[in-house]
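Asker: For reference, the sequence and a predicted model appear below.
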Amino acid sequence: MINILPYGNNALLINFEQKIDAKIHNLVKGYFNSISEFEEVSYQIPAYCSVMVVFDPVTTNFKKLKSKIEKLNIKPDEIKSDSKIIEIPVCYELEFAPDLASLAKEINLSSEEIISLHTSKTYDVYMMGFLPGFPYLGELPEGLECKRKATPRKQVKAGSVGIAGKQTGIYPTDAPGGWQLIGQTPLKIFDAAKENAFLIKLGDKIKFKSISAQTFKTLQKNGK
């Protein structure tokens, strides 16, 4: 079930059921991919449970585009997946994981159990934001759900891996942030100097791999 609403003068919003869910994620991807083929569409912004579609008002309008989208009739179980799995090396040692010890006490797990759970799943990239290249990944294994920090940090290092709520994510650049930081990757997931600036895209799948501090420094030095 979808609900399509006008969003300003030259955009519309496709709303799905408002929850984080794999089937809804498939619908987001399915509509996003199909609508990408529409010539009258300028660009789209996908989120967990919605897609904002910006269109050219010279060639179409809300009513026409809404009717065209409703005819797509996309079903989540019939969407073919072309996802690629990206392995992200993460160092969970103390110098790279400033919140790991305190989080372990908060959710009544050992640091080793947190690492084991965090690396046990393959995560879907549900959406991109709030920074360019920041992937929202879900869902966390049961037991890892946690609150954001009461006071956000003014500066989080690029590559920091955090968790909050049912999600995990990677900070692409140095930035303020309130997620619980449990590790860091040496990979550059966003590099504005490259033609393809984003390592991770909507629809990809992410698998975290635990590495040592020495391996972290070697990969960082080699620019890998």
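Answerer: Sure, I can see it.

Asker: can we go C-alpha only for contacts and neighbour counts from here?
Answerer: OK.

Asker: Next, count neighbours for residue 51.
Answerer: 22 (other C-alpha atoms under 10 Å).

Asker: Then it would be within a helix, right?
Answerer: No. Read with DSSP: H, G, I helix; E, B strand; the rest coil, residue 51 is strand and lies in no helix.

Asker: how close does the closest residue to it other than its chain neighbours get to residue 204?
Answerer: Nearest residue to residue 51 in three dimensions, chain neighbours excluded: residue 14, at 5.2 Å (C-alpha to C-alpha, 6 or more residues apart in numbering). Distance, residue 14 to residue 204, using C-alpha to C-alpha, to the nearest Å: 21 Å.

Asker: what's the following helix or strand after the host helix or strand of residue 27?
Answerer: Assigned by DSSP states H and E, residue 27 belongs to helix 22-35. Downstream of helix 22-35, the first helix or strand assigned by DSSP H and E is strand 41-46.

Asker: Find the helix or strand that the residue lying closest to residue 89 once chain neighbours are set aside is a member of.
Answerer: Once flanking residues are discounted, residue 89 sits nearest to residue 209: 4.7 Å by C-alpha to C-alpha, 6+ apart. Per DSSP H and E, residue 209 falls inside strand 205-211.

Asker: Then residue 69?
Answerer: helix 62-70.

Asker: Return the set of buried residues in that helix.
Answerer: For helix 62-70, a neighbour-count test (16 or more other C-alpha atoms under 10 Å) marks 62, 65, 66, 69 as buried.

Asker: re the thing from before, can you list the neighbours in contact with the helix holding residue 27?
Answerer: With contacts defined as C-alpha atoms under 8 Å, 6 or more residues apart in numbering, helix 22-35 is touched by 16-17, 41, 44, 46-51, 69, 72, 74-77, 79, 126, 202-203.

Asker: and the helix or strand of the chain with the lowest mean pLDDT, C-alpha only, in PDB?
Answerer: Least confident helix or strand of the chain, by mean pLDDT, DSSP states H and E, is helix 22-35 with a mean of 88. Provided in PDB are the C-alpha atoms of helix 22-35 (Å, rounded to 0.1, in the frame of the first residue of the first chain):
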ATOM      1  CA  ALA A  22      13.200  -5.500   4.600                       C
ATOM      2  CA  LYS A  23      10.000  -5.700   2.400                       C
ATOM      3  CA  ILE A  24       9.500  -2.000   2.600                       C
ATOM      4  CA  HIS A  25      13.100  -1.500   1.700                       C
ATOM      5  CA  ASN A  26      12.600  -3.600  -1.300                       C
ATOM      6  CA  LEU A  27       9.600  -1.500  -2.300                       C
ATOM      7  CA  VAL A  28      11.700   1.700  -2.000                       C
ATOM      8  CA  LYS A  29      14.400   0.200  -4.200                       C
ATOM      9  CA  GLY A  30      11.900  -1.100  -6.700                       C
ATOM     10  CA  TYR A  31      10.100   2.200  -7.200                       C
ATOM     11  CA  PHE A  32      13.400   4.100  -7.100                       C
ATOM     12  CA  ASN A  33      14.900   1.900  -9.900                       C
ATOM     13  CA  SER A  34      11.700   2.000 -12.000                       C
ATOM     14  CA  ILE A  35      11.200   5.700 -11.700                       C
END
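
Asker: I'm done for today, thanks for sticking with me.
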